[in-house]
Every structure is written in C-alpha cells, then in structure tokens.
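Peer 1: prediction below, plus the sequence it came from.
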Amino acid sequence: MNQNQSLQEVIRFISAKLNISEVEVAPFIEFPPEKSMGEYAFPCFILAKKLKTSPQKIAESLAEGFFPTEFLKEVKVVGGYLNFFVQRENYIKDILSSVLKEGGAFGKSDEGKGKMVVIDYSSPNIAKPFSIGHLRSTIIGQALANLFRSASYKVVGINHIGDWGTQFGKQIVALKKFGSVEDLKNAKDPIVYLFDLYVKFHKEAEKNPSLEDEAREMFAKTERGDKEATELRDLLVDYSLKAFNKTYKRLGIEFTHTRGESYYADKVEPAFKKIEKLTEVRESEGALVIDLDSYGLTPLLLKKRDGTTLYATRDLTALFDRFEEFNFNQMLYVVGQEQTLHFNQLFSALEKMKIQWVNRCHHIPFGMIRFKDKKMSTREGNVIFLEQVLDEAKKRAKDAIEKKNPELKDKDEVAEAVGTGAVIFNDLSQRMIKDVIFDWDQMLNFEGDTGPYLQYTCARISSIIKKSGSNIKEIDWSRIQDDESFQIVRALEQIPIAISNATKAYEPSILCSALLFVASAFNTFYHKHRVIQEDKNVESARLALLKAVLYSLKNGLQILNIKAPEEM
Ligand code: ARG
C-alpha cells in the first residue's frame, strides 16, 4: 500500500513500542470521522488479551512514550483507543505533493506484481437475450479487471459466451418456422428479432410439444456437423456477437479473450477422461454423475443419458484448460448469485479430485436489478435490452444537459458519457450482493451520490483550472490550512487505501464511496472559498489542491470505466 508519511509514522511508532511487525499493525489503523478524535486511531483492545491488560492501560502506556515529530503533533487516549493528531501543514504538503507527482498514476500500486488473475465475466448466451445478470456481470467484471490492473496484476478477461447447447436447436427451428434469414439480415435490432422468435418458440411449444423434439434433433445436427444446421448456427453466433460488441464498445468493455463454450468442444472428452481418473464417476439412470453428498450437495451431472455434455462439464473443461494455459493465482467467476449452487458443485468436485489450486477459484456473486419504472420490466421479467437502456439513459442525460448548459458543444458525446456513467455507477456503488434499484431520476441526479455528480465535479474543476490559466507557481502550503482544505486532503488519503481494499474484497463499491467522499469534500470547500482571486499565493495553493482532486476523481472513474468529460 502506498502510505503517506504521517500514517507511516503512526505505524512505525506502534510497531516499535509494542514489538509487533508493521505489516501486522497497518490493517488495524482507523481513520476517525470526527475531528476531535484526530486523524488516526489505534484500537488497543485487539491486544488486551495477548498483553493481559486493559485496552485503556495499553493506550496510556503507548501515550507516555510519544514525542511530537515532523508529522505527528500529539496523541490522546480516548477509551481504549490511542488517537493521533497530525501536524497539519506537513501532512497536507506530504499528501498533496505526492498526488501531484504521481498524477495519472495516483492510486496505482504494485501489490499484484508477478501475479495473474483470470476473470470470467459478461458471458451472455447467444440466441438467447442478454439478461440483467449479464449486464451486471459485464459492468462489475470490467471494474474488477481494471482494479486488478491498477494494482499491477496481469489480468486475463474471458467472455465465456454461451454458444453451445439446446437453445440453438430451438432458435434454428424458430427461425425456419416463424421467421427467415432474410428478415434477420434486415432486422433493425437482430437481438430483439431473435428474442421475439425465442418467445414465440416457447409459446408454440406449449401447444405443440413435438417442437421440442424437432429442436433437440436440430441441435444434434449441429453437433454432428450437418451443413445447413451449422451454417445457421454460425449465422446466429455472428449476429449476436455483432450486437454484443456494439454494446461493449459503448460501455468501454474489453476482453482479452472471447471464448465461447464451443471453444472447449474438442477438449471435453480428454477432460472427462482425466476426471474419471481422479475421482469416481457413477452411472445414475443412464447419466454420469459425481457424488457430492460429503459436501452436502446434490450430484454434479457430467453427461446426460444421450451422451451430450452439460454446462458444468464445459465449465470443468474450461477450468482445466485455463489453469494449464495461464497458471493463475486467482480465477474469478463474476456470475449472479442464482448460480451459487453450480459453482459450489464445481469447486467441491475439484476438491474431491484433490486438486490443490481449487482454493484460487472464487465465485463472485451479485444481486438482481429491480426496476422502479414498471415499463422496463414488462417483457418477460428478467429480460433486458441493453441497447435500449443505454439509449434511454443517453436521452435523459441529454435533457438534463439541455437544461443545465444549453450552449455546450459536443452535447451528444457528453450525453452518452453521462448516460452510461449513470448506469455504471448505479450498478457499482453499493455492495454487490445487494439488489440494485433502477430509478432513472435517482441515478441521473447531478447532486446525488451518482456517476453524473462525480463527472460534474470533474468538469467544474476543469473549468476553474482552465479559467485560472493554470499557473501554479511555487506552492506555499501554509495558505491552505483551513478545515475544508484539510478535509479534502483527508479524503484524498483514502483513495489508494480504497483501491487496495476494493481489489482485495472484490468490491468496487469501496472505491465508489471514497470518490464520493472526495467530491463532497471538494464541493463543501468550493461553496466556502474562492479559488481565483487577488492573492496569487492562495490561488496557486488552491489550484494545486484542485488538481489533486481532479487526478483522484479521474483515475477512480477510469477504474470504474466511466468517462469524465471536460465540460458538461
Ligand atoms: N452463459 C452463462 C449464463 O448466462 C454464464 C456463464 C458464466 N461463466 C461460466 N464460466 N459459467 O448463465
């Protein structure tokens, strides 16, 4: 972690006095929100048991050994805590000058140097609609990939597209019966066109179950390599991928690998043989399964009676293949919580096979999106047309801009950035496991805890800097000792810590909160103080402060995959 000098002194002091390593002390340091509690606090109760004395006594004896330093002014014992108060001027100077020096690299670290993370995210199904789960997986997965990259991990991002399975049979039958290749080619939105066919297929199949048999036969044909069937399948894959890629481009999503399930088609049999060697595969009513009773789970189904493979079989195959190719330190599956059982089964099966590296694999689950606007949720519940959501977000952002800043150039481009920014931030800003409420007014509010609020703060700062002519001279740090500036610096101090914690906890929301904290500290400051003014020394110091805020917000937004327009 990049620690500033004041924090380092606190850690060093405690470590030396109590004879515990600095690495052990560091995670326990707290940052009290109340000014009267100082800037750092050490909770002594964590040592009470070990030292066989009360937290109060530990704090007192620590306090007795304290002498003021360049960065720490005094300590106070409060309850079982030892609270540290910084030398304000040195603290401000230390943190701001390092933010300004690091600039675009502020918040980055080399914590993950030499380590490899594979992230499986987005992973929609072809010839089936892009679901809300896929939207969340896409946004969260990309943010995690960016977080890990900012900590110098090597990241492989895989889009594990569902391009294998019986749905192809259904889709091809539906295309032939209820639609045509011609119509697909001319469709305004091929995904919607294919979805309508999909819905129609299911409606018709209820009345006429033989359709399901036809679909199965059609899928079997694609597996056998039948010319017409495979050509149609490839066409569906093609159209779906084109549509997905358009959306990915809008959201700034980039994978290092797009590997559908079919990529593993010829690897399934060898993987299956390997599995049979490592653990018992049992026959059950003609199907092949791995028993998982000892893990309290239902058996993992590997092959159906007709010999076809399943989602789980292909996932196991993919996992072996990925470990062999990437030798990962971590393998993350960003997939909705409704697949928790699937991943538990997968990992338990690996454990049963005595595969050591199973502890590097993690399912990163998340909650659902719920729409406040009923209109969005009418089509078959969970279904979402991403393109339409983004269009609506853009339209609403444009209306807001039209009101706020009708003179703005590049309105369209800014509206796109603000609309997508709102959708992304809304998704990332609370703990992942919670359901997300999709409420247009709330998420596009320029004053609320939103993406547009952060973007607007950046634009506001950019415009002040521009207006000033940006001449920061020699900076006299003593000119920004007021409480509001100090609060900004305290918020900035949290940014690298938040990035590190967000990465470790797989929780982008930790970074979101830290960014909101910086923006709100800035806005409080801005309401009270003038930046551009007569006293050029004050102006310079304040501009330096603003620049530091801008770096931190921009870098943070970049990690979240949100653009920061210069003007809005
Ligand atoms: N395509 C799957 C679905 O839509 C998600 C795949 C997630 N990744 C994986 N390796 N299982 O349900």
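Peer 2: Received the coordinates, thanks.

Peer 1: now the residue of the stretch 151-300 of the chain found nearest the ligand: how far from residue 389?
Peer 2: Closest to the ligand within the stretch 151-300 of the chain is residue 162: 3.6 Å, counting by C-beta to the nearest ligand atom. (Glycine included, C-beta is placed from N, CA and C.) Per C-beta to C-beta, to the nearest Å, residue 162 is found 21 Å from residue 389.

Peer 1: can you check residue 452 too?
Peer 2: Taken as C-beta to C-beta, the span from residue 452 to residue 389 is 16 Å.

Peer 1: can you check residue 138 too?
Peer 2: According to C-beta to C-beta, residue 138 and residue 389 sit 12 Å apart.

Peer 1: give me the more crowded residue out of the two.
Peer 2: residue 138 (27 against 20; other C-beta atoms under 10 Å).

Peer 1: relative to the whole chain's centre, how far out is the helix or strand hosting that one?
Peer 2: Take DSSP states H and E as the rule and residue 138 turns out to sit in helix 132-150. Helix 132-150 sits 4 Å away from the centroid of its parent chain (C-alpha atoms, centre = their mean, to the nearest Å).

Peer 1: interface residues of the stretch 51-200 of the chain facing the ligand?
Peer 2: 120, 123, 125, 160, 162 (C-beta under 6 Å from any ligand atom).

Peer 1: looking at the residues you listed, which are in strands?
Peer 2: Among these, the members found in strands (DSSP state E) are residue 120.

Peer 1: can you tell me which of the residues of the stretch 51-200 of the chain next to the ligand has the most neighbours?
Peer 2: In terms of neighbours by other C-beta under 10 Å, these top out with residue 120 at 27 neighbours.

Peer 1: is it true that that one touches residue 158?
Peer 2: Yes - under the criterion of C-beta atoms under 8 Å, residue 120 makes contact with residue 158 at 5.1 Å.

Peer 1: and stretch 213-221, average pLDDT?
Peer 2: The average of the pLDDT scores along stretch 213-221 is 89.

Peer 1: over to stretch 165-172?
Peer 2: Mean predicted confidence for stretch 165-172 is 85.

Peer 1: how deep is the spatially closest residue to residue 518 that is not a sequence neighbour tucked in, by neighbour count?
Peer 2: Excluding its sequence neighbours, the residue lying closest to residue 518 (C-beta to C-beta, 6 or more residues apart in numbering) is residue 491, at 4.3 Å. Look at residue 491: counted by other C-beta under 10 Å, it has 21 neighbours.

Peer 1: tell me who's in contact with residue 491.
Peer 2: Contact analysis of residue 491 by C-beta atoms under 8 Å, 6 or more residues apart in numbering lists 514, 517-518, 521.

Peer 1: what about it, helix or strand, and which?
Peer 2: Element membership for residue 491, per DSSP H and E: helix 483-505.

Peer 1: in that helix, what counts as buried?
Peer 2: By neighbour count on 16 or more other C-beta atoms under 10 Å, the buried set for helix 483-505 is 484-503.

Peer 1: state the mean pLDDT of that helix.
Peer 2: For helix 483-505, the per-residue pLDDT averages 96.

Peer 1: what's the angle from it to helix 132-150?
Peer 2: 110 degrees (axes from the mean of the first three to the mean of the last three C-alpha atoms, to 10 degrees).

Peer 1: near the ligand, which residues of the stretch 201-350 of the chain?
Peer 2: Checking the stretch 201-350 of the chain against the ligand by C-beta under 6 Å from any ligand atom, the hits are 315, 333, 335.
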